[in-house]
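Trainee: Predicted model and sequence follow; I will ask about them next.
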Amino acid sequence: MNPQLKIPINIPYLGTEEKNAILSVLKQGSLTSSSLNGGINVREFEKLASSFVKSKYAIAVNSGTAALQASLYALNIKKGDEVIIPSFTFVATANAVISTGAKPIFADIIKENFTIDPDEIEKKISKKTKAIIPVHLYGNVALMQRILEISKKYDLRVIEDAAQSLGSSFDGKHTGTFSDLGCYSLYPAKVMTSGEGGLIVTNNKQLHEKLLMIRNHGMIKGYDSRIFGLNLRLPEISAAIAKIQIKKLPKFLQIRKKNAKYLTQLISDLKIVFPKERSKENKNWYLYTITLQNRNKILEKLNSMGIGASAYYSIPIHKTPFYKQKLHLPVTDWASQHVLSLPIHPKVSSKNIEFMAESLRDILNE
């Protein structure tokens, strides 16, 4: 985070309760657990998380990336397989696929909410395709009904990358719970945090049991590795923080929604495209993302005024040096040049929003 930015794009909201929870773990001295079901704080957090998203099971891990990796391992994705993902997302989605030996196949997105285009998914399916990873970008809900229809038609598995969408829902159903597995990130910039951490949710008992082993080197008791796994465990201190944060999450989401509504109200007459909720959609407002002309120039000016506006993502994955592929993804390319996210997290005040709106208006009217 740039210390010169007075209004950062996202910042964790931590209080006395989180500090006391950390101290409690330190006093008890049990910092982690290699038991199958994890430590007491891990188990308590998982129970709260599954209750929040209304899933049967929740498995805490040490990052959102680990959540994706473990989910791919659980579905036996391996070398020679292909997994269809959007290029317009954070690189972790693709890296998780690469880590299994499989190949990420990049599909284009829809302009309306920057999530993967179901029509483009269908065009990318081959004999090697084994899974689809839709990303609920910025907290926007991907077109899951269409995606699930495609997965059923071609017998493909679906893992939801819900890293940015904890708390988002469609028709009353939480992101992450539409498919086989849903993965969330608990990174400090997300809607709630554990410091570093991740979470997987599922309604499948077999996948739940498998994931408990995968996060713990494939072990059940002692050194009896039954399947391939890694150390993907969430430490007790992180789980203790997450336990407090998820109880505060409804309030966090309420403030984000209020801030988004106020910002829209103040800039609704400007020549930009605003984020909207689809019918039946309830967004967590992780990122308030607009599209506009001259994005880079406006972004630079906002930053110079202390406003932590950001462009997620100015370089799509397929154009990064590691992946470097020449692909025809026109909407992805357009979005990478026009999106701009503004801060609306719980620490953003009404005065901050008014300042952002006034600043944006002044820049656009220059």
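Mentor: Received the coordinates, thanks. Model, not experiment: these values are computed from the prediction. Residues are numbered from 1 along each chain as shown.
Trainee: Which SSE is immediately downstream of the helix or strand hosting Gln337?
Mentor: Per DSSP states H and E: Gln337 is located in helix 330-338. Per DSSP H and E, the first helix or strand lying C-terminal to helix 330-338 is strand 339-342.
Trainee: counting contacts, what elements does that next one pack onto?
Mentor: On a contact count with 3 or more C-beta pairs under 8 Å, 6 or more residues apart in numbering; DSSP states H and E, strand 339-342 meets strand 288-291, helix 295-304. (Glycine included, C-beta is placed from N, CA and C.)
Trainee: any chance of the ones you listed in TSV, with mean neighbour count, mean pLDDT and distance to Gln164 too?
Mentor: As requested, the helices and strands packed on strand 339-342 are exported to TSV (neighbours: other C-beta atoms under 10 Å; pLDDT from 0 to 100; distance: least, C-beta to C-beta, whole Å):
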stretch	mean neighbour count	mean pLDDT	distance to Gln164
strand 288-291	22	98	11
helix 295-304	16	97	20
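Trainee: Dump those into JSON lines; add distance to Gly176 as well.
Mentor: Listed next are the helices and strands packed on strand 339-342 as JSON lines, based on distance: least, C-beta to C-beta, whole Å:
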{"stretch": "strand 288-291", "distance to Gly176": "20"}
{"stretch": "helix 295-304", "distance to Gly176": "30"}
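Trainee: what angle separates the helix holding Gln337 from helix 295-304?
Mentor: Helix 330-338 and helix 295-304 are oriented at 40 degrees to each other (axes from the mean of the first three to the mean of the last three C-alpha atoms, to 10 degrees).
Trainee: my guess is Ile98 contacts Pro104, does it?
Mentor: Yes: contact between Ile98 and Pro104 holds when scored by C-beta atoms under 8 Å: they sit 6.7 Å apart.
Trainee: So for the two, which residue has more residues nearby?
Mentor: Per other C-beta atoms under 10 Å, whichever of Ile98 and Pro104 has more neighbours is Pro104, with 22 against 15.
Trainee: element containing that one?
Mentor: strand 103-107.
Trainee: Starting from that strand, tell me the next helix or strand along the chain.
Mentor: Immediately after strand 103-107, counting by DSSP H and E, sits helix 118-124.
Trainee: And the helix or strand just after that following helix, how far out from the chain middle?
Mentor: Once the chain leaves helix 118-124, the next helix or strand it forms, by DSSP H and E, is strand 129-132. Taking C-alpha atoms, centre = their mean, to the nearest Å, one finds strand 129-132 lying 20 Å from the centre of the chain it belongs to.
Trainee: What residues does the closest residue to Asp161 other than its chain neighbours make contact with?
Mentor: Distances taken as C-beta to C-beta, 6 or more residues apart in numbering put Val135 closest to Asp161, at 4.2 Å, once the chain neighbours are dropped. The neighbours of Val135, taking C-beta atoms under 8 Å, 6 or more residues apart in numbering as the test, are Ile85, Pro86, Thr89, Thr93, Thr115, Ile116, Ala142, Asp161, Ala163, Gln164.
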